[in-house]
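Asker: coordinates only, sequence not included:
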């Protein structure tokens, strides 16, 4: 028996919202609403002399304090000369900073890997992993039905819980299934803000959805070394996943627009996905003097089969919303559906490598991939690539480079394929759900779901890289500079098509995009006797441009304003598209001097305090044709900084990241609705000449359409964030030996400690909802600031 | 060495076994039918035809925009309504004629009609290859043309400048289309309807009611003519027929003389389930609760009448009405105009009548622009509650598109020698005395007879912008039960638009510069 090693590692952390937005308090809110009504000629809704019963800070109420997260992992490794094994078990659990256990994620994983050398020729091994995941989630970044969106937009006058018995005796509390917490407290309902804005805590109380997934991933492989340098490998992998989603819709009344007052309902969705993959390769390596040759040929086949079943019924008597099953439902509305899908990928590939003394090296790869996602004529793609490298500093004639001890030049070119679309999009599938009711009852109708597109084919990315690696001062200072151009042709997307086509859009190869830029990194490393430290910075500059698109297409929509991003040749992908403003009209003179070449007033409906929009196309009118590029959601620069220092058993590390030169569409405040709350910065609105040139007057009758999509929504998204700071201590060996451990480490760490940004939303890292929906803040949750304490010990 | 040969043989076998890739990669949809296996049999053609009819009942391709509800909001008969000002923002834009080109309800209407047109065009293209007898195919073809004409008429009277497509669009090179002139669209509508008239049967057996027939085609063509002639002052041309007032009248007289259509004896019976597909109904759109519908995310898949849900009063705790959303509350102007007319009690549901509800738990919520009046013709009344499903999505009231009284009044308006008798027939049913068949009397009769049926707005528009401004601009009229500042009930019509809606902005944006916005927007 060989050496056995056991490691435990684990941590416990607490998470809090790193940043919230200061919203108006009750008094300012009432003042502002009165102003909005007054400016619209409507009756002021509030008597300012009356003291507000409630002044709710919804974010304070919404965010959990110290939401826990933890992880425990035990791993055991060991083996002999013939056999080795590694197995581990871990349990990870995390609650959300919104929703607590209503947005909990739990994962249990177990792994067992082993390898066995049977004889000189034959080796085999296997890997097996099991995971169990339970996920409960609260939707983020959504204008509709988002808890955070509601928290930012609901008025401060509504209480979290309504406790006034006189109010509770009135509708809707007296006659509707209002939402209560576990202790029977009744959630407050706003009298002012309705529609999609509700009491966010009541909304979370109703969130009962849960999804679970059990997955087994395993493979077995065998390697035969037939003659020296010639290896045959066969590898068979299986992935088996079972999952289910549970849904329960209780009776509830959040407001007049969002309620379910007659029937509870329950749904269940179960699926099974089986994937197998079989890969066979033959490799040959040969060394002749200083020449190293390598060759590989392989074949790989992968097939996936998916099946699902879902059921639904209504009228479920409920005691425990976490334990609701279809069989409990008593309605006659049984619904069931189920389907299946298959996909397959088949690849042939080959690779040759050559190097001479590691000084000159070459790698060439060619692969032919076939995907079932495409029609019979479009299935195969051929993807070559080639790379060369030259270690110039190994040349005899370049030995005196001063402090430079290593200089390497690299270049590569290659094409990659992408088939990440839904299945069967080359075929026209028909819906059998086109019912029509006539005197004879319901009749089943059939029509296509999408426009036919048998031409859909592989998306291809062609990339050229040229790079220099430098080592200086005996590699204490290293640096890399990499210039690249990446052209992606045949972008696979489903994009909006004109409505007069009358059927859903196909997935198509819609255009091309080019990215080019420079990436660099510089690292300094110093290993002194007791002190070791390293510091590194890396950065990337990227330029992104659409080089081909059939016609300009709409990207993403925001609230009810319609599209706010666009994809167009010569512009960055998904750029923000809207009106350009030029401050506010301070007085009537400003309005009457904003004219076209004929002297006509461009915005005759405007009054002082309204936004001045520009006639960018110069046609003498402010029309939708004046919408133009108002922002780019993709960072020009991304930056990173790492630092480590250790002294004896202590170590400290830091990670800083940042992104610069991009914009965010700040759309978490529903300025299109009346009575919605506003951030405190809104107090700086225009109230008279000279009071503001950025925030228009507040009115409920917005005849100038001040809140049309314009650059008023655009803010710089640049930020620099201390993503991680960790301080650790490793116990000295002398102490460890006393109880037989080999290492024992303690650490404390902070994630997302400080952020430097000018962005006034809750978090500058918005991310993308889809390819053309980037950087739109529809009330993104602020990222958590997490403090963790952890340890790991190995015996 | 021998053992090594075995390994090499094994490798060759592995490569061969996994080598037959074409079959391995050929994956076809398992749980759905595909177009290449469809459009073959008579049953396929029938199902494809049902899919065209299906679009008649679409009210929410995106935003909810039921035809009748939208039309009433545009007219002087109704306001926007809804739960609060935020609930009905898009509706209020329509009601007050401050309609931005990105109004989602406007887009919903535009999308709906082109879905119907696509399905009709597709079946017309596939029909020749279907294995069925010629009579069957001729009838399906004629029904497709009727439906295509129906969708085009709704589209062109809302939007005026629209692309006219009589074939499906096959690929990206044809995506961008130019707008056609109104005349081109109306001539195509006339051509399709004349073709339908020539082929379709007249009286239908009971189990076929709901399908387009000759009478529906004739009546629709007369309605199209009256609108086109009213707005543009000219006739419509098909290849060989000029549809002028004489021709339109001839079609109407054909219905009156030859069809089994007649007025029901009681006006108050019309909007009840017993009178669905009745002899009074010349064309009707079916709504129902089968299959029962739950899916809020795909409401066009269900069969319920969403207009009834939107227009119903905000009543709870009652056995008579349930939880409408109080959109399109009825105006004091209509109530005043109808005062004394016997049809008023079957047309307008009043707060006072609701308040007689015997249920002890009854409560009436007052929404935005509360007037105390609601539509009684399409509402959330108990008779039309669905048997199951999400109740808001399963209301069963059929939408009466063309009633026989409309045939009579159109014939009278077009100068039938029998005009007096036709007008009397409509008035006698509700116990009103005879009046002379002057245009003013006929127009007034239409207002009373068809109030809140999705007819008023276009009846006003077709009489010209001066009349529209006179009728649709309503300032300072306030009923006894109105709630809220008077300003939210004041409406000013914008004659610069000629009464048309804006072309949806996103369609202009996708048109590669070919679409031009309508005047006034």
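Answerer: Right, received. Where do you want to start? On a predicted model such as this, the values are computed, not experimentally measured, just so you know.
Asker: OK, contacts around residue 29?
Answerer: You didn't say which chain, so I picked chain A. Applying C-beta atoms under 8 Å, 6 or more residues apart in numbering or on different chains to residue A:29 gives the contacts A:155-157, A:677-678. (Glycine included, C-beta is placed from N, CA and C.)
Asker: um, chain B though
Answerer: Going by C-beta under 8 Å, 6+ apart, the list of residues near residue B:29 reads A:341, A:423-424, A:427, A:429.
Asker: Can you pull the residues of the stretch 251-400 of chain B lying near chain A?
Answerer: B:276-277, B:286-288, B:290-292, B:294, B:301, B:303, B:314, B:316-317, B:323, B:325, B:361, B:363, B:365, B:367, B:388-391 (C-beta under 8 Å from any C-beta of the partner chain).
Asker: let's see it at 7 Å
Answerer: Residues of the stretch 251-400 of chain B found near chain A, taking C-beta under 7 Å from any C-beta of the partner chain as the criterion, are B:277, B:286-288, B:290-292, B:294, B:301, B:303, B:316-317, B:323, B:361, B:363, B:365, B:388-389, B:391.
Asker: PyMOL command to pick out the buried ones of those residues?
Answerer: A single PyMOL command selects the buried members of these (16 or more other C-beta atoms under 10 Å in any protein chain shown):
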select buried, chain B and resi 277+286+287+288+290+291+292+294+301+303+316+317+323+363+365+388+389+391
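Asker: that older thread, which two of the contacts of residue A:29 have the greatest separation?
Answerer: A:157 and A:678 (13.8 Å; C-beta to C-beta).
Asker: in the stretch 651-795 of chain A, which spans are strands?
Answerer: A:663-666, A:714-716, A:719-730, A:743-757, A:768-770, A:773-774, A:776-777, A:784-794 (DSSP state E, counting those that start in this stretch).
Asker: Among the ones you listed, which comes closest to residue A:586?
Answerer: Closest to residue A:586 of the strands of the stretch 651-795 of chain A, according to C-beta to C-beta: strand A:714-716, at 22.1 Å.
Asker: The residues of the stretch 251-400 of chain B next to chain A in helices, which ones?
Answerer: Among these, no member falls in helices (DSSP state H).
Asker: What count of nearby residues applies to residue 220?
Answerer: All of this is about chain A. Residue A:220 sits with 14 neighbouring residues when counted by other C-beta atoms under 10 Å in any protein chain shown.
Asker: wrong one, I was asking about chain B
Answerer: 25.
Asker: From chain A, how far out is it?
Answerer: Plainly put, residue B:220 is 17 Å away from chain A if you go by C-beta to the nearest C-beta, to the nearest Å.
Asker: Which residue is the nearest non-sequential neighbour of the residue of the stretch 651-795 of chain A found nearest chain B?
Answerer: Closest to chain B within the stretch 651-795 of chain A is residue A:673: 4.4 Å, counting by C-beta to the nearest C-beta. Leaving aside its sequence neighbours, residue A:673 sits nearest to residue B:86 (C-beta to C-beta, 6 or more residues apart in numbering or on different chains; 4.4 Å).
Asker: What's the local residue count around the one you found?
Answerer: Neighbourhood size, residue B:86 [other C-beta under 10 Å]: 22.
Asker: next one: the one 4 residues further on
Answerer: By the other C-beta under 10 Å criterion, the neighbourhood of residue B:90 contains 23 residues.
Asker: wait, what's in contact with it?
Answerer: A:560, B:63, B:103-105 (C-beta atoms under 7 Å, 6 or more residues apart in numbering or on different chains).
Asker: Can you flag which of the residues of the stretch 251-400 of chain B next to chain A belong to strands?
Answerer: Among these, the residues falling in strands (DSSP state E) are B:316, B:363, B:365.
Asker: so what pLDDT did the first one get?
Answerer: pLDDT for residue B:316: 93.
Asker: what's the answer for the one 5 residues further on, then?
Answerer: What the model reports for residue B:321 is a pLDDT of 97.
Asker: Identify each buried residue in the longest helix seen in chain A, please.
Answerer: Scanning chain A for the longest helix, with DSSP H as the assignment, gives helix A:26-39. Neighbour-count burial for helix A:26-39 flags A:26, A:28-30, A:32-37, A:39 (criterion: 16+ other C-beta under 10 Å).
Asker: try stretch A:523-543
Answerer: A:523-524, A:533-534, A:536, A:538-542.
Asker: quick check, distance from it to the centre of its chain.
Answerer: Its chain's C-alpha centre and that of stretch A:523-543 lie 29 Å apart, by C-alpha atoms, centre = their mean, to the nearest Å.
Asker: same thing with stretch B:161-172?
Answerer: Using C-alpha atoms, centre = their mean, the offset of stretch B:161-172 from its chain centre is 21 Å.
Asker: can you give me phi and psi for residue A:481?
Answerer: Backbone torsions for residue A:481, taken as degrees, to the nearest 10, come to phi -130, psi 130.
Asker: Could you tell me how far it is located from residue A:358?
Answerer: Distance, residue A:481 to residue A:358, using C-beta to C-beta, to the nearest Å: 21 Å.
Asker: Tell me which of those two has more neighbours.
Answerer: Shown here are residue A:481 and residue A:358; by other C-beta under 10 Å, residue A:481 has more neighbours (14 against 11).
Asker: Could you list the low-confidence segments of chain A?
Answerer: Applying pLDDT under 70 to chain A flags residues A:1-2, A:139-145, A:560.
Asker: do the stretch 401-521 of chain B as well
Answerer: Residue ranges of the stretch 401-521 of chain B with pLDDT under 70: none are present.
Asker: Chain A contacts on that one?
Answerer: B:485, B:487, B:505-507, B:509-512.
Asker: among these, which are in helices?
Answerer: Residues of those located in helices (DSSP H): B:505-507, B:509.
Asker: Would you mind putting these into TSV with neighbour count and distance to residue A:402 alongside?
Answerer: Output for these, formatted as TSV (neighbours: other C-beta atoms under 10 Å in any protein chain shown; distance: C-beta to C-beta, whole Å):
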residue	neighbour count	distance to residue A:402
B:505	23	64
B:506	21	62
B:507	23	66
B:509	25	59
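Asker: now, which of these sits nearest residue A:383?
Answerer: Nearest to residue A:383 among these, with distances taken as C-beta to C-beta, is residue B:509, at 35.8 Å.
Asker: show me what contacts the closest one?
Answerer: Here residue B:509 is in contact with residue A:554 (C-beta under 7 Å, 6+ apart).
Asker: Tell me the residues of the stretch 1-150 of chain A that contact chain B?
Answerer: Residues of the stretch 1-150 of chain A found near chain B (C-beta under 7 Å from any C-beta) are A:41-43.
Asker: cutoff 10 Å now
Answerer: A:37, A:40-43, A:121-122 (C-beta under 10 Å from any C-beta of the partner chain).
Asker: for the stretch 501-650 of chain A, same thing?
Answerer: So far as C-beta under 10 Å from any C-beta goes, the stretch 501-650 of chain A lies against chain B at A:501-506, A:508, A:510, A:550-554, A:557, A:560-563, A:566, A:577, A:605, A:623-625, A:627.
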